[in-house]
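A.B. asks: Pasted the sequence and its predicted model underneath.
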Amino acid sequence: MTTLAIREIPAADLDALTPALSGILHACVLGGASVGFILPFAETEAIAFWQGLKPGLETGGRRLLGAWLGERLVGTVQLLLAGPPNGRHRAEVAKMLVHPEARQRGIGRALMTAVEAVARAEGRTLLLLDTGSDEGRALYRSVGFQTVGDIPGYAIHVDGTPLATTLLYKRLAA
């Protein structure tokens, strides 16, 4: 059995891990994940996305976690910490991705547990996220997120059609 490990990816490691991160994002989008991109979606777009995160990782306004099965990076999630002074108690969970070949192994749940721990360590007491997928809603609800509501047509699905987006939140113990 391959061991699952979740660890933070610092800005200094981003260049070396960009090919693996890009492979995850590319596979997820091609598999239908609505995570901000539409088809056609070239792997070069995925590379540019990950490289664009470097400034936020360097300043600490964005945290990036990775999930490894053995030596293979198979999942990732981000925590967005930057916000206005009256919002420093909250953070946003973003781009929770698990490679399609690695799903149904508890990786998404492990990433969510880890990102909550980072949020708590940063003094955050409220997490927000949005999702367009039924699979995502089920996972997030199962780890304690509450639904605020749906916004019809908020995003465009990878195939170019309008997609409803569900907004969710979770209060964290102080």
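C.D. replies: Great, that's in hand.

A.B. asks: only C-alpha atoms for contact and neighbour calcs from this point on.
C.D. replies: Fine.

A.B. asks: Would you mark the buried spots in stretch 81-88?
C.D. replies: 81-82 (16 or more other C-alpha atoms under 10 Å).

A.B. asks: what's the answer for stretch 153-166, then?
C.D. replies: 155-159, 163-166.

A.B. asks: For it, what is the distance to the chain centroid?
C.D. replies: Relative to its parent chain, stretch 153-166 has a centroid offset of 18 Å by C-alpha atoms, centre = their mean, to the nearest Å.

A.B. asks: these two touch, right, T165 and T147?
C.D. replies: No: with contact defined as C-alpha atoms under 8 Å, T165 does not count as touching T147 (10.8 Å).

A.B. asks: wait, which of the buried residues of stretch 153-166 is closest to G32?
C.D. replies: Taking C-alpha to C-alpha as the measure, G32 lies nearest V158 of the buried residues of stretch 153-166, at 6.1 Å.

A.B. asks: Need the three-state assignment for the closest one.
C.D. replies: Under DSSP: H, G, I helix; E, B strand; the rest coil, the three-state class of V158 is coil.

A.B. asks: OK, contacts around it?
C.D. replies: Neighbouring residues of V158 by C-alpha atoms under 8 Å, 6 or more residues apart in numbering: 29, 32-34, 37-39.

A.B. asks: tally of neighbours for the closest residue to it other than its chain neighbours?
C.D. replies: Residue nearest to V158 in three dimensions, not counting chain neighbours: I38, with 3.9 Å by C-alpha to C-alpha, 6 or more residues apart in numbering. Neighbour count for I38, taken as other C-alpha atoms under 10 Å: 18.

A.B. asks: now swap in E101 and tell me
C.D. replies: E101 has 10 neighbours, counted by other C-alpha under 10 Å.

A.B. asks: For T165, list each beta-bridge partner.
C.D. replies: I151 (DSSP bridges).

A.B. asks: D150 versus that one, what's the distance?
C.D. replies: 5 Å (C-alpha to C-alpha, to the nearest Å).

A.B. asks: Much appreciated, bye for now.
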